[in-house]
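**Student:** below are the sequence and a predicted model for it; my questions follow.
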Amino acid sequence: MEMKEFNNIHQKISILGVGTWELSENVSENVKAIKYALDNGVNFIDTAEIYNTEPIVAQAIKGYDREKLFIASKVWPTHFHYDDILKACESSLKNLGTSYLDLYQLHWPNKSINIRETVSAMEKLVKDGKIRNIGISNFSLEEMKDAVSVMSKYELASNQVEYSLVTRDVESDGIFDYCKENKISLIAYSPLSHGKIFKNDGLVADISSIGKKYGKSPAQIAISWLLHKENTFPIPKASNLRHMAENIEAINIKLTMEDLSFLSELEQKYHFEPISKTHKKT
């Protein structure tokens with residue numbers, strides 16, 4: 001498994017992570033899929049208190065060397081007051097069966113609570129050893145800058161955003177460049193645009209034209225495109241072994257510059273709005 005430095009934390013993690021939003025109702029299959037990923041070198045698993053998948057992750061990681069894993073969770077914005085964040089973290093730790101989180105993320109911005117209070121609680125968690133790194137999710141460029149400006153003891157490790165071949169607002173909004181310049185990792189959720197990629201025949205045909213060269217599926221090509229992005233860690237979900245194996249195989253695809261250019265131009269033909277623009281929170 002190829003590993004890459006998670007920017008300013010000076011730790012290398014697998015270039016592909018496992019997302020756990022909206023897993024199937026078959027818990028046993030979910031656990032098997034995550035274990036398959038772990039057994040094949042993936043060490044980065046992302047969850048959140050609102051997903052209700054922390055207990056599933058706990059089952060999957062049981063028996064593995066905890067220090068070799070990179071477990072990330074998120075706190076919901078209604079819990080952004082100081083004491084609420086501390087309680088929410090304790091709950092997540094209990095659900096996950098671990099004494100610490102490698103990354104704890106503010107799930108969505110909450111303008112009704114002062115970001116200074118929120119960040120102060122996150123820094124308290126780092127100081128106490130409950131979490132090792134602070135991240136954010138779905139923050140705009142200005143919201144990210146606001147969070148960075150009130151961090152007094154630690155640096156922002158990441159921003160988790162929707163990012164795919166045809167959902168690339170983070171590039172036009174300046175988030176991608178800011179993160180790159182400031183050594184903040186981008187965690188790309190919904191790298192297949194919530195499955196919308198497969199519902200557009202023209203888009204599927206265009207991606208397949210590249211996939212045929214490598215004997216790979218459109219999903220694998222879409223994931224590979226992200227894997228070629230500097231500073232970016234895609235976290236596709238997979239509720240079963242077949243999909244998980246397919247996702248992991250995407251790591252072995254080495255797209256040419258010509259292929260990458262062709263794929264990058266597809267966004268102009270098939271742009272999908274990110275869920276953050278439609279106010280749906282995940």
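**Tutor:** Noted; the coordinates are in hand.

**Student:** residue closest to the middle of the chain?
**Tutor:** residue 187 (3.8 Å; CA atoms, centre = their mean).

**Student:** what helix or strand is the spatially closest residue to residue 40 that is not a sequence neighbour on?
**Tutor:** Closest residue to residue 40 apart from its sequence neighbours, by CB to CB, 6 or more residues apart in numbering: residue 248 at 5.4 Å. From N, CA and C alone the C-beta is placed, and that goes for glycine too. Element membership for residue 248, per DSSP states H and E: helix 241-249.

**Student:** then residue 183?
**Tutor:** Using DSSP H and E, no helix or strand contains residue 183.

**Student:** please report the distance of it from residue 155.
**Tutor:** 8 Å (CB to CB, to the nearest Å).

**Student:** just residue 121 next, same as before
**Tutor:** Counting by CB to CB - residue 121 and residue 155 are separated by 17 Å.

**Student:** the more surrounded of these two?
**Tutor:** residue 121 (20 against 14; other CB atoms under 10 Å).

**Student:** can I assume the more buried one is in contact with residue 79?
**Tutor:** No. Using CB atoms under 8 Å as the test, residue 121 is too far from residue 79 to be in contact (9.5 Å).

**Student:** who touches stretch 135-154?
**Tutor:** 72, 74, 103-109, 115-116, 119-120, 123, 126-127, 133-134, 156-162, 173-175, 178, 182, 184, 187, 189, 276, 281 (CB atoms under 8 Å, 6 or more residues apart in numbering).

**Student:** so where do the helices sit in this structure?
**Tutor:** 27-39, 54-61, 82-96, 115-127, 141-149, 169-172, 175-181, 201-214, 218-227, 241-249, 257-264 (DSSP state H).

**Student:** so how far is the shortest one from its chain's centroid?
**Tutor:** Centroid separation for helix 169-172 versus its chain: 16 Å, with CA atoms, centre = their mean, to the nearest Å.

**Student:** what about the stretch 1-150 of the chain, any weak spots by pLDDT?
**Tutor:** 8-9 (pLDDT under 70).

**Student:** hey, which of the helices of the chain is tucked in deepest?
**Tutor:** helix 218-227 (a mean of 23; mean count of other CB atoms under 10 Å).

**Student:** gap between that one and the chain center?
**Tutor:** 15 Å.
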